[in-house]
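Asker: Need the 3D shape of this:
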Amino acid sequence: FSGTAEDEKSLLKSKQSVSEFDARNSLSIEIMDFSVVQTPYNIKETGTDVSSLIEGYKDDYVKNLSSAGYKVSSIKQDKMTIAGRTCEGFQITCSYSSGGQAVSISFVQFMMFKGNYCGVVSAGSTSEGKAKLIITNHFSKLD
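Answerer: Here you go, the predicted model:
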């Protein structure tokens, strides 16, 4: 998304997600996405357990990966500290066939909640164990 902050606020108010995407390709393929979506209720005010929301976001992500041609081989729950905040999420191992050759890709996805919003950080890499490092290298502060 390359709009202004006001454009992003307008999209969020209309209950659409806002994403920032970064991709690189040198010795390995690395991708990162940060999306913000509006939740159906204010998590802090209601004191609601977020596990069902996290599961739903994970299911949507896996569905998107599958429709893009990735074959998901494993999903494990995980936690990660991002800019001082502990976030819950998943490690997802996939393969992708390109030109008859299967490539293994590791994805991670972590969620953070504030008010009626959820920030979803996703990263992937063809280098084993590097997906979390991509997030660490791109996030230094959360407000």
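
Asker: use CA for all of it now, contacts and neighbours both
Answerer: Fine.

Asker: Quick one: residues contacting residue 62.
Answerer: Listed by C-alpha atoms under 8 Å, 6 or more residues apart in numbering, the contact set of residue 62 reads residue 72.

Asker: quick one: secondary structure of the residue most central in space within the chain?
Answerer: Nearest to the mean C-alpha position of the chain, counting by C-alpha atoms, centre = their mean, stands residue 122 at 2.5 Å. Three-state call for residue 122 (DSSP: H, G, I helix; E, B strand; the rest coil): strand.

Asker: Does it touch residue 112 like I think?
Answerer: No. When contacts are counted by C-alpha atoms under 8 Å, residue 122 is not listed as touching residue 112 (11.7 Å).

Asker: confidence score at residue 26?
Answerer: As predicted, residue 26 sits at a pLDDT of 48.

Asker: Any idea what the residue nearest to the centre of the chain is bridged to?
Answerer: Beta-bridge partners of residue 122, counted by DSSP bridges, are residue 33, residue 109.

Asker: Against residue 41, how distant is it?
Answerer: Per C-alpha to C-alpha, to the nearest Å, residue 122 is found 23 Å from residue 41.

Asker: all helices of this protein, in order?
Answerer: 5-13, 43-46, 51-67, 131-138 (DSSP state H).

Asker: So for the third one, what gets flagged as buried?
Answerer: So that's helix 51-67. Neighbour counts over helix 51-67 (16 or more other C-alpha atoms under 10 Å) mark 54, 57-58, 62, 65 as buried.

Asker: now these in a markdown table, with distance to residue 126 and pLDDT?
Answerer: Formatted as a markdown table, the buried residues of helix 51-67 follow (distance: C-alpha to C-alpha, whole Å; pLDDT from 0 to 100):
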| residue | distance to residue 126 | pLDDT |
| --- | --- | --- |
| 54 | 24 | 85 |
| 57 | 23 | 84 |
| 58 | 20 | 88 |
| 62 | 17 | 90 |
| 65 | 15 | 87 |
